[in-house]
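Asker: for reference, the sequence and a predicted model appear below.
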Amino acid sequence: QVQLVESGGGLVQAGDSLKLSCAASGIIFSRYAMGWFRQAPGKEREFVSAISWGDSSTYYEDSVKGRFTISRDNAKNTVYLQMNSLKPEDTADYYCAAMVYGYSDLDDSGRYDYWGQGTQVTVSS
């Protein structure tokens, strides 16, 4: 049984930082690209960041470049999203997702095989 469990969300003020974690089980983690997506109230789910399998290439949506950092620890089956300089527009539910042998089109949510349940991030102004 595959599980992706996000944690680390919360309520913070603009300019603060949060670090999200996503712990995976039931998959050979190192063979999966991992992505972070978010969905704000009334909006569609959007790509935030991803890290490929293998060489751990990283990708970011333009609005988070320079503020967010994705990383992975294959020994812990965990992917992280360090979010700095948070803005109210970052408020959303954040989801992690896994794509087997993913290396391209990592911003395409339809290509992911597994999803977590999400963790809420609220940034107050």
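Answerer: Perfect, thanks for sending it. Residues are numbered from 1 along each chain as shown.
Asker: so residue 69 bridges to which residues?
Answerer: Partner residues in beta bridges with residue 69, using DSSP bridges, are residue 82.
Asker: and the gap between it and residue 84?
Answerer: From residue 69 over to residue 84 the distance is 8 Å, taken as C-beta to C-beta, to the nearest Å. Yep, even glycine has a C-beta here, placed from its N, CA and C like the rest.
Asker: ranges for the strands of the chain?
Answerer: Along the chain, the stretches classed as strands by DSSP state E are 3-7, 10-13, 18-25, 32-39, 46-51, 58-60, 68-73, 78-83, 92-100, 114-115, 119-124.
Asker: of the ones you listed, flag the one that's most buried.
Answerer: The densest packing among the strands of the chain, expressed as mean neighbour count by mean count of other C-beta atoms under 10 Å, is seen in strand 32-39 with a mean of 25.
Asker: which residue is nearest the centroid of the chain?
Answerer: To find the centre residue of the chain, average its C-alpha atoms and take the closest one (C-alpha atoms, centre = their mean): that gives residue 36, at 2.2 Å.
Asker: what about that residue, distance to residue 74?
Answerer: For residue 36, the distance to residue 74 (C-beta to C-beta) stands at 17 Å.
Asker: same thing with residue 13?
Answerer: Applying C-beta to C-beta, one obtains 34 Å for the distance of residue 13 from residue 74.
Asker: skip the chain neighbours and tell me the closest residue to residue 96.
Answerer: Take residue 96 and drop its neighbours on the chain: the residue closest to it by C-beta to C-beta, 6 or more residues apart in numbering is residue 22, 3.4 Å away.
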